[in-house]
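Participant: just to be clear, the model below is a prediction. Sequence and coordinates:
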Amino acid sequence: MKILKGYVFRMYPNEKQKELINQTIGCSRFVYNYFLDDKIKEYKKKGKSKSAFDQIKLIPLLSKDKEWLKEVDSCALRTSLFNLEDAFKRFYKGSGYPRFKSKGVHESYKTNNIKNSYKGKEYNSIKLDLKNKTIILPKLKEIKIRGYRNKKVIIGDIKSAVIKKEAGRYYVSVLIEEELIKPTIIPTSIIGIDLGIKDLIVTSHNEKIENKIKINAKRLIGLQRGLSRCKSGSKNRYKMKLKIQRMYQKIRNARKHMIHNITNKLIKENDIIVTENLDVKSMQKNHYIAKGLNENPISEIIRVLKYKAVWNNKRIIQIDRYYPSSQICNICNYQNKKVKDLSIRKWECPICHTNHERDYNAAVNIMFKGLEKYMLYLKQYI
Ligand SMILES: [Zn+2]
């Protein structure tokens with residue numbers, strides 16, 4: 001089985017390389033916006049517009065007028081037009097016109113690995129060398145990188161790279177197709193997990209995993225205020241902006257880390273993982289203050305769990321979100337409708353007098369419901 005994996009490295013370009021990266025980002029944005037404008041105008045007139053392939057043929061013509069387009073990686077410009085096509089497909093499906101890209105928001109470009117063979121030797125436009133900690137990218141040549149210290153080599157086919165500028169730093173995310181040999185596993189363990197907000201996860205083994213991401217809202221608000229006091233275009237304003245961006249970046253990274261740790265542990269320790277099929281949007285509410293960070297990690301946890309399960313031959317079973325997992329006593333099956341009230345964290349079963357902790361009891365029920373589903377699934381093979 002082939003899988004696609006992304007590896008993110010910090011890049012240390014020299015001044016000249018920085019300049020070229022910035023220029024490529026700018027050119028990709030320019031091409032995107034130029035042809036978006038073209039597409040909208042054409043669509044308004046004819047009800048349809050040129051495909052990415054047809055637009056690509058027009059780049060040389062545009063470059064005659066805008067010489068600087070010739071200086072950058074041409075693959076990045078082409079990729080930008082395929083991105084535009086994807087955005088326009090969403091427009092056909094009913095969302096509004098795609099937005100124009102603005103500076104300071106979309107600071108990245110993508111380039112594909114182009115393979116050539118010459119006299120029996122194979123050449124790649126992107127080359128990763130973990131031993132010497134360098135990456136070769138079109139037009140930029142060799143750039144120093146850092147990351148994945150424990151890996152000496154990644155065996156696989158490089159598909160593409162996204163070069164990104166974030167909070168004044170440079171990163172490259174390399175997409176690699178790898179051959180995956182799945183381990184054979186006969187499931188012997190199962191876990192139910194109840195997903196919440198304060199305790200992100202409570203398991204049927206009665207483990208509680210908190211959401212450890214703390215956002216220092218006071219500092220963030222202070223910085224935002226500081227920013228609004230700085231004169232536009234001033235050096236201080238730039239510095240302040242960078243500080244805010246770094247803070248966001250830190251939180252995002254901590255979040256990613258937390259999600260990987262949680263999912264790695266769950267996948268490693270259990271063969272079958274049962275969760276509810278949650279409507280995450282309705283759960284979001286106002287729990288995460290800062291804008292852009294208000295995504296609830298739960299949907300991300302489930303997404304990551306799903307692909308890691310495929311990689312490791314483990315199973316994720318999702319049960320109906322309307323199954324009243326918190327109301328049912330996991331000992332005697334009595335359904336206590338009073339527990340619907342979310343403020344009830346502990347309750348005693350009126351029938352068997354077991355004392356329940358709300359989320360733990362729910363997790364156990366989720367586990368049993370998942371087991372039931374799994375047995376039904378097995379039955380078709382018996
Ligand atoms: Zn009971």
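Facilitator: Sure, I can see it.
Participant: for whatever residue of the stretch 101-250 of the chain ends up closest to the ion, give its distance to Arg78.
Facilitator: Proximity of the stretch 101-250 of the chain to the ion (Cβ to the ion) peaks at Ser204, 16.5 Å away. In this view, the C-beta of every residue, glycine as well, is placed from N, C-alpha and C. Separation of Ser204 from Arg78 (Cβ to Cβ, to the nearest Å) stands at 50 Å.
Participant: which one's more surrounded, the two?
Facilitator: Ser204 (23 against 20; other Cβ atoms under 10 Å).
Participant: so what's that one up against?
Facilitator: Ser204 is in contact with Ile191, Gly192, Ile193, Tyr360, Ala363, Val364, Ile366, Met367, counting by Cβ atoms under 8 Å, 6 or more residues apart in numbering.
Participant: and the helix or strand where the second one lies, which strands flank it?
Facilitator: Assigned by DSSP states H and E, Gly192 belongs to strand 190-195. The strands that strand 190-195 pairs with in its sheet are strand 199-203 (antiparallel), strand 272-276 (parallel) (by DSSP bridges).
Participant: where does the prediction get shaky in the stretch 251-382 of the chain?
Facilitator: Where the stretch 251-382 of the chain drops to pLDDT under 70, the residues are 279-296, 382.
Participant: which secondary structure state is assigned to the residue lying closest to Pro13 once chain neighbours are set aside?
Facilitator: Nearest residue to Pro13, sequence neighbours excluded (Cβ to Cβ, 6 or more residues apart in numbering): Ile143, at 5.1 Å. At Ile143, secondary structure determined by DSSP: H, G, I helix; E, B strand; the rest coil is strand.
Participant: next one: Leu175
Facilitator: strand.
Participant: again, but for Lys152
Facilitator: Under three-state DSSP, Lys152 falls in the coil class.
Participant: pretty sure it is touching Asp129, no?
Facilitator: No: between Lys152 and Asp129 there is no contact under Cβ atoms under 8 Å: 10.5 Å.
Participant: tell me the angle of the helix or strand harbouring Ile251 relative to strand 272-276?
Facilitator: Using DSSP H and E, Ile251 sits in helix 235-269. For helix 235-269 against strand 272-276, the angle by axes from the mean of the first three to the mean of the last three Cα atoms, to 10 degrees is 120 degrees.
Participant: Tyr381 falls within a helix, correct?
Facilitator: No: per three-state DSSP, Tyr381 lies outside any helix segment and is coil.
Participant: just to revisit the earlier point, export the strands paired with strand 190-195 to JSON lines and append columns for mean neighbour count.
Facilitator: Output for those, formatted as JSON lines (neighbours: other Cβ atoms under 10 Å):
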{"stretch": "strand 199-203", "mean neighbour count": "21"}
{"stretch": "strand 272-276", "mean neighbour count": "24"}
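Participant: TSV please, covering these and showing distance to Ile56.
Facilitator: Rendered in TSV, the data for those read as follows (distance: least, Cβ to Cβ, whole Å):
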stretch	distance to Ile56
strand 199-203	45
strand 272-276	43
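Participant: returning to what we had before: what's the burial count for the residue nearest to Pro13?
Facilitator: Neighbours around Ile143, by other Cβ under 10 Å: 21.
Participant: show the contacting residues for it.
Facilitator: So Ile143 contacts Met11, Tyr12, Pro13, Gln17, Thr134, Ile135, Ile136, Leu137, Val172 (Cβ under 8 Å, 6+ apart).
Participant: check which helix or strand covers Gln224.
Facilitator: helix 217-229.
Participant: interface residues of the stretch 201-350 of the chain facing the ion?
Facilitator: Counting by Cβ under 5 Å from the ion, the residues of the stretch 201-350 of the chain close to the ion are Cys329, Ile331, Cys332, Tyr334, Cys349.
Participant: let's go with 8 Å and repeat that
Facilitator: Residues of the stretch 201-350 of the chain lying close to the ion (Cβ under 8 Å from the ion) are Cys329, Asn330, Ile331, Cys332, Asn333, Tyr334, Cys349, Pro350.
Participant: narrow those to those in strands?
Facilitator: The strands, defined by DSSP state E, take in nothing from these.
Participant: may I ask which of these has the most neighbours?
Facilitator: In these, the most neighbours by other Cβ under 10 Å go to Cys329, 22 neighbours.
Participant: list phi and psi for that residue.
Facilitator: The phi/psi pair for Cys329 (degrees, to the nearest 10) reads phi -80, psi 120.
Participant: now swap in Cys230 and tell me
Facilitator: phi -80, psi 140.
Participant: doesn't Met240 make contact with it?
Facilitator: Yes: between Cys230 and Met240 there is a contact at 5.5 Å, judged by Cβ under 8 Å.
Participant: more neighbours, the two?
Facilitator: More crowded of Cys230 and Met240, by other Cβ under 10 Å: Met240, with 19 against 15.
Participant: which residues touch that one?
Facilitator: Leu223, Gly226, Leu227, Cys230.
Participant: dump those residues into CSV; add pLDDT and distance to Tyr322 as well.
Facilitator: Shown next, in CSV, are these (pLDDT from 0 to 100; distance: Cβ to Cβ, whole Å):
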residue, pLDDT, distance to Tyr322
Leu223, 89, 43
Gly226, 89, 48
Leu227, 87, 45
Cys230, 87, 51
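Participant: which of these are buried?
Facilitator: Among those, those scoring as buried are Leu223 (criterion: 16 or more other Cβ atoms under 10 Å).
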